[in-house]
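Peer 1: next one to model:
(one chain, ligands or ions: 1)
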Amino acid sequence: MTDSLIFAVPKGRILDEALPLMARAGLTPEAEFHDKSSRKLQFGTNVPGVSLIRVRAFDAATFVAHGAADFGIVGSDVVDEFGYSALYAPVDLKIGACRLSVAEPQELAATDDPRGWSHVRVATKYPQTTSRHFAARGVQAECVKLNGAMELAPALGLTSRIVDLVSSGNTLKANGLVEVEVISEVTSRLIVARPAFKRKGAVMADWIARFREAADATSE
Ligand code: PRP
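Peer 2: Numbers count the residues shown, from 1 in each chain. Just a heads-up that it's a prediction; the model follows:
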């Protein structure tokens, strides 16, 4: 067993907020990480023995949950959807704030009342969270799984409604959709593989403390 650690970060817009926070926690990627033409997937950092992988958010959770990466950053939307018992999410990093919401076309929303639904059909990347949310109030949810561009579904007749992340609301607006219900408020979390935490306890505890301090400093 080596003492090397692998940190999984998600591609996309969380990175813009995650990189300064990681730097405050003492972790900075090698220069090639920022080179858009690079085809590398694993990068060195300023800390000997700690490397970074940059993958899709759901894949970051998969790598960590299976112990293939030791720790990482994902949104609480991903943690909730996976419900991995192997995934430990000890720190709210207070970045990447958005919400998981139900949305539908403006014309439908004008006369619709979500409290009257007994059955709902949605396009979403979050079938588990969606089913759980609606089941809690006795609504049966039929989920059509998409991996992106959920906002296309109502206009093209795939489903009347969607469940997706909303941040500025610009994507909904551009597609003639409005939010009708918030399922959860989302922020990014530090996630840790339980096996890594057991095997590498002291060093993992140190990283958790560093990220907790960095998150507290950021939100002050
Ligand atoms: C997310 C989400 C929405 C959009 C919402 O997608 O799925 O489409 O952001 O943001 P807004 O309210 O600020 O418009 P993202 O751009 O992260 O890409 P993805 O579809 O690959 O998840």
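
Peer 1: biggest strand in the protein, by residue count?
Peer 2: Longest strand in the chain by number of residues (criterion: DSSP state E): strand 177-186.

Peer 1: quick check, that strand touching the ligand?
Peer 2: No - Strand 177-186 stays clear of the ligand (CB under 6 Å from any ligand atom), getting no nearer than 9.5 Å. Bear in mind the C-beta positions are built from the backbone N, C-alpha and C, glycine included.

Peer 1: next secondary structure element downstream of that strand?
Peer 2: As assigned by DSSP states H and E, the chain's next helix or strand after strand 177-186 is strand 188-193.

Peer 1: residues from the chain in reach of the ligand?
Peer 2: G12, R13, G148, D164, L165, V166, S167, S168, G169, N170, T171.

Peer 1: can I get those residues in CSV including neighbour count?
Peer 2: As requested, the residues of the chain next to the ligand are exported to CSV (neighbours: other CB atoms under 10 Å):
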residue, neighbour count
G12, 12
R13, 11
G148, 9
D164, 27
L165, 16
V166, 18
S167, 13
S168, 8
G169, 15
N170, 9
T171, 16
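
Peer 1: same list (these) but as a markdown table, adding distance to R56, pLDDT and secondary structure.
Peer 2: Formatted as a markdown table, the residues of the chain next to the ligand follow (distance: CB to CB, whole Å; pLDDT from 0 to 100; DSSP: H, G, I helix; E, B strand; the rest coil):
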| residue | distance to R56 | pLDDT | secondary structure |
| --- | --- | --- | --- |
| G12 | 8 | 88 | coil |
| R13 | 13 | 89 | coil |
| G148 | 10 | 93 | coil |
| D164 | 16 | 98 | strand |
| L165 | 14 | 97 | strand |
| V166 | 19 | 98 | strand |
| S167 | 17 | 97 | coil |
| S168 | 21 | 96 | coil |
| G169 | 23 | 97 | coil |
| N170 | 22 | 97 | helix |
| T171 | 18 | 97 | helix |
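
Peer 1: quick revisit: name the strands paired with the longest strand of the chain and say parallel or antiparallel.
Peer 2: The strands beside strand 177-186 in its sheet (DSSP bridges) come out as strand 98-105 (antiparallel).

Peer 1: run a quick neighbour tally on D3.
Peer 2: Using other CB atoms under 10 Å, D3 has 10 other residues around it.

Peer 1: for the helix or strand of the chain at the bottom of the mean pLDDT ranking, packing partners?
Peer 2: Of all helical and strand segments in the chain, the minimum by mean pLDDT, DSSP states H and E falls on helix 194-199, at a mean of 82. For helix 194-199, the contact count by 3 or more CB pairs under 8 Å, 6 or more residues apart in numbering; DSSP states H and E identifies strand 87-92 as packing neighbours.

Peer 1: what angle sits between the strand it packs on and strand 188-193?
Peer 2: Inter-element angle recorded for strand 87-92 and strand 188-193: 140 degrees (by axes from the mean of the first three to the mean of the last three CA atoms, to 10 degrees).

Peer 1: counting neighbours, which bits of strand 87-92 end up buried?
Peer 2: By neighbour count on 16 or more other CB atoms under 10 Å, the buried set for strand 87-92 is L87, Y88, A89, P90, V91.

Peer 1: so among those, where is pLDDT lowest?
Peer 2: Within these, pLDDT reaches its minimum at L87, with 85.

Peer 1: contacting residues for that residue?
Peer 2: Neighbouring residues of L87 by CB atoms under 8 Å, 6 or more residues apart in numbering: A61, V64, A65, V79, I191, V192, A193, R194.
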